[in-house]
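Chemist: Mind looking at a prediction? Sequence and model below.
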Amino acid sequence: MSAAKITEFKLGKGRTDKVGEMDFTKKYLEFTVRMPEQYTPEDLDKAMLAAEYTIDNWLGGPETPQIPEFDSELLMEHKWKGKKTGEKAWNEGTLAWGWDFIDQFPETVIQVLKKGPLVIDRYEFTLGENMVSVKEKKEDKRGRR
């Protein structure tokens, strides 16, 4: 059994600012994004990032994160480290299980991973304190990842 395809998703955010002692202004924006019939996991990630970026820019404010252009190949083609074999030596890792130090990735990758785990195809990428790691997502009993 294959996993269900996402045909559309909604993304909404709001912002409340204190204007005076007892006055507030509120803004809220919500998008419904419809995905094409054929799309890749990377297309879905890009659509979510673009929708969030647009909403954040419309809401404004100094805390608005600037989401950089993101190339998923930076993660998919990375040479991952595996199990430690000695002083500053590691086996070669894979997309099924690997890791590398944060300083081995461009800031664009780190900014995207700061938002939370990122799933591309069947792999999940996470940001730790000093490293970026990847693991293959396992299927549950229903065949879903």
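Modeler: Everything's here; your move. Residues are numbered from 1 along each chain as shown.
Chemist: which non-adjacent residue is nearest residue 135?
Modeler: residue 97 (5.3 Å; C-beta to C-beta, 6 or more residues apart in numbering). In short, each C-beta sits where N, CA and C put it, glycine included.
Chemist: Quick check, the one you found in contact with residue 83.
Modeler: No. Contact criterion C-beta atoms under 8 Å: residue 97 and residue 83 do not qualify, at 9.2 Å.
Chemist: Give me the more crowded residue out of those two.
Modeler: Ranked by neighbour count (other C-beta atoms under 10 Å), residue 97 and residue 83 place residue 97 first, with 14 against 10.
Chemist: where in the protein is pLDDT low?
Modeler: Scanning the chain for pLDDT under 70 picks out the ranges 1-4, 61-68, 139-145.
Chemist: hey, where'd the strands end up in it?
Modeler: 8-18, 24-34, 81-86, 89-92, 97-101, 118-120, 123-127, 131-136 (DSSP state E).
Chemist: Out of those, flag the one nearest residue 59.
Modeler: strand 8-18 (4.4 Å; C-beta to C-beta).
Chemist: Could you chop the chain up by domain?
Modeler: 1-67, 72-145 (automatic domain parsing).
Chemist: Packed most tightly, which of these would that be?
Modeler: Scoring these by mean neighbour count under mean count of other C-beta atoms under 10 Å gives domain 72-145 as the most buried, with a mean of 14.
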